[in-house]
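> next comes the sequence, and after it the predicted model I'd like to discuss.
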Amino acid sequence: MRVRLLSNYRLYWDYAVHELREGVEHVGAFARHLASTGAPVEVLEDDPEPDLAAEPDPAGVQAPEEPSATTDGLDITGTIDTVLTWVGGDPVRAQQALDAERAKGDAARATLTTRLDAILQSTAP
């Protein structure tokens, strides 16, 4: 933004008193402040409108969120009790949950994997 003072003006801005003289041009944040607070100025140039097409979509730059559930209702990010309730005593579900938990790598919960292994061992023929 760019403005020109139409008369002498005195104001307090940015922790200081400013004595402004008629005819002097100001730019940037100070010019925006003068224009928005009713100072005797003539706006010579407005701030350009932002080109929204040129700016990246904030949602597009974020990593996609990993799905927390498989299509059959397993919420592997849930509590251990939630996962075990979903598994019940079903060895197929226990294997699905175990595979999903181990896919987390170092973040896999040892307690959950131990309990799922126990379910699989107890149902083995």
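Okay, I see it. The structure displayed is predicted, hence computed values, not measured ones.
> name the element Thr113 belongs to?
Element membership for Thr113 (DSSP states H and E) is helix 110-123.
> mind listing what's buried in that helix?
By neighbour count with 16 or more other C-beta atoms under 10 Å, helix 110-123 contains the buried residues Leu112, Arg115, Leu116, Ile119. Quick note: C-beta positions are derived from backbone N, CA and C, even for glycine.
> redo those residues as a markdown table? Include distance to Ala16 and pLDDT.
Shown next, in a markdown table, are those (distance: C-beta to C-beta, whole Å; pLDDT from 0 to 100):
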| residue | distance to Ala16 | pLDDT |
| --- | --- | --- |
| Leu112 | 62 | 93 |
| Arg115 | 67 | 93 |
| Leu116 | 68 | 93 |
| Ile119 | 72 | 91 |
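> ok, those residues vs Gly23, which is closest?
Leu112 (75.0 Å; C-beta to C-beta).
> do you know how far the closest one is from Gly105?
14 Å (C-beta to C-beta, to the nearest Å).
> so can I have JSON lines of the buried residues of helix 110-123 showing distance to Leu6?
Listed next are the buried residues of helix 110-123 as JSON lines, based on distance: C-beta to C-beta, whole Å:
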{"residue": "Leu112", "distance to Leu6": "73"}
{"residue": "Arg115", "distance to Leu6": "78"}
{"residue": "Leu116", "distance to Leu6": "78"}
{"residue": "Ile119", "distance to Leu6": "82"}
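> quick check, nearest of the residues you listed to Gln95?
Leu116 (8.0 Å).
> OK, contacts around the closest one?
By C-beta atoms under 8 Å, 6 or more residues apart in numbering, the residues touching Leu116 are Val83, Leu84, Val87, Ala94, Gln95, Ala97, Leu98, Glu101.
> so of those residues, which ones are in helices?
Val83, Leu84, Val87, Ala94, Gln95, Ala97, Leu98, Glu101 (DSSP state H).
> including neighbour count, pLDDT and distance to Pro50, could the residues you listed go into CSV?
Shown next, in CSV, are the ones in helices among the contacts of Leu116 (neighbours: other C-beta atoms under 10 Å; pLDDT from 0 to 100; distance: C-beta to C-beta, whole Å):
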residue, neighbour count, pLDDT, distance to Pro50
Val83, 23, 91, 46
Leu84, 18, 92, 51
Val87, 22, 91, 51
Ala94, 24, 91, 54
Gln95, 15, 92, 52
Ala97, 24, 92, 48
Leu98, 20, 93, 50
Glu101, 19, 92, 45
